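In: I need the structure of the sequence given here:
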Amino acid sequence: LLYDALQQALSEMGRSALAVVCHYPLSKLIADPALLDAEERAFVESPFSHVDFLIYNVITKRPVLPIEVDGWGFHGGNSIQQHRDALKDGLLAKYGLSPCRISTTDRVTVEVLKELLAKRGLVDELQRTRDRKE
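Out: Have a look, this model is predicted:
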């Protein structure tokens with residue numbers, strides 16, 4: 001459902017240069033682990049580590065916005081999962097990819113996603129792509 005809503009939000013925003021993929025491996029997203037410490041590197045290299053959704057620029061192939069979906073039953077009060085979430089947030093931030101976190105307890109509509117995506121700078125990313133083409 002969220003995948004379809006993300007695609008619809010991007011389409012309605014006229015963001016044809018942006019696309020979304022599900023369960024993108026961190027090992028592909030973080031190609032150069034030079035900025036990572038040993039714990040972060042091991043986390044990235046795990047075959048189970050991924051971002052739930054990744055919005056990327058289809059022209060440049062550059063990642064734009066990782067999106068994480070946090071299920072309350074899975075994340076709420078679970079210190080191990082909270083540590084993993086903080087670890088993922090920190091390592092992504094080192095590469096300029098601060099993730100957007102959406103809770104499964106939130107009411108998420110296409111309109112809500114459009115507002116969220118606009119606030120996260122997707123308008124700016126699209127303009128940079130257009131400027132490079134001109």
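
In: low pLDDT regions in the protein?
Out: Counting by pLDDT under 70, the chain has low-confidence residues at 73-77, 123-134.

In: pull the contacting residues for Val112.
Out: Listed by Cβ atoms under 8 Å, 6 or more residues apart in numbering, the contact partners of Val112 are Asp106. All C-beta spots, glycine's among them, are computed from the backbone N, C-alpha and C.

In: now the phi/psi pair for it, please.
Out: Main-chain dihedrals, Val112, degrees, to the nearest 10: phi -60, psi -40.

In: and it, how far from Ser16?
Out: Taken as Cβ to Cβ, to the nearest Å, the spacing of Val112 relative to Ser16 amounts to 21 Å.

In: and for Arg62?
Out: The span separating Arg62 from Ser16 equals 16 Å under the rule Cβ to Cβ.

In: ok, which stretches of the chain are strands?
Out: Residue ranges of the strands in the chain, as given by DSSP state E, are 18-25, 50-57, 63-70, 100-103.

In: go through the first one and flag the buried ones.
Out: Neighbour counts using 16 or more other Cβ atoms under 10 Å place Leu18, Val20, Tyr24, Pro25 of strand 18-25 among the buried residues.
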